[in-house]
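[1] below are the sequence and a predicted model; questions follow.
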Amino acid sequence: MFSDRQYEVRVYGTKGMLLLELWKGKMEFHDLQSNVKKYPDIPEAEVYPMFAPAENLIDAITGKAPNGSPATLGLYSMKIIEAACRSAKTNRNIKV
């Protein structure tokens with residue numbers, strides 16, 4: 001049975017909204033003047049490549065590939081999560 005997967009993420013900012021459709025590999029930016037900038041789609045095979053993070057970890061350890069998951073990405077992700085939690089707790093916008 002076919003199932004149309006959808007995993008939509010919206011990120012709101014002071015200049016507009018970033019719309020991501022993760023299962024389809026699509027991204028677009030909607031600015032405050034209703035202009036839409038569409039970005040190139042990710043090929044279907046690259047949307048959720050099976051085992052890619054684990055394979056990259058092994059390749060990085062053995063020196064065959066650069067680290068595809070540098071710590072800075074985790075740091076920025078945690079800063080956004082922390083700001084979201086503080087915003088929910090204080091009911092205020094938190095600048096990241």
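    Ah, there it is. Numbers count the residues shown, from 1 in each chain.

[2] how far does stretch 85-96 sit from the chain's center?
    20 Å (Cα atoms, centre = their mean, to the nearest Å).

[3] what's the span of that stretch, first residue to last?
    12 Å (Cα to Cα, to the nearest Å).

[4] so what touches it?
    Outside stretch 85-96, the residues that touch it by Cβ atoms under 8 Å, 6 or more residues apart in numbering are Lys79, Ile80, Ala83, Ala84. (C-beta placed from N, C-alpha, C; glycine too.)

[5] give me the distance between the closest residue to the third one other than its chain neighbours and Gly13.
    Once flanking residues are discounted, Ala83 sits nearest to Ile94: 4.1 Å by Cβ to Cβ, 6 or more residues apart in numbering. Distance, Ile94 to Gly13, by Cβ to Cβ, to the nearest Å: 12 Å.

[6] okay, those two: which has more neighbours?
    Looking at Ile94 and Gly13 with other Cβ atoms under 10 Å, you find the greater number of neighbours at Ile94, namely 15 against 11.

[7] helix, strand, or coil at the more buried one?
    Here Ile94 is recorded as coil under DSSP: H, G, I helix; E, B strand; the rest coil.

[8] and the gap between it and Ser87?
    For Ile94, the distance to Ser87 - Cβ to Cβ - is 5 Å.

[9] same check on Glu46?
    33 Å.

[10] show me what counts as buried in the worst-scoring helix or strand of the chain on mean pLDDT.
    Sorting the helices and strands of the chain by mean pLDDT, DSSP states H and E puts helix 44-47 at the bottom, at a mean of 83. Using 16 or more other Cβ atoms under 10 Å as the test for burial, helix 44-47 gives Val47.

[11] regarding stretch 84-96, how distant is the last residue from the first?
    10 Å.

[12] and that stretch, how far out from the chain's middle?
    That offset, for stretch 84-96, works out to 20 Å (Cα atoms, centre = their mean).
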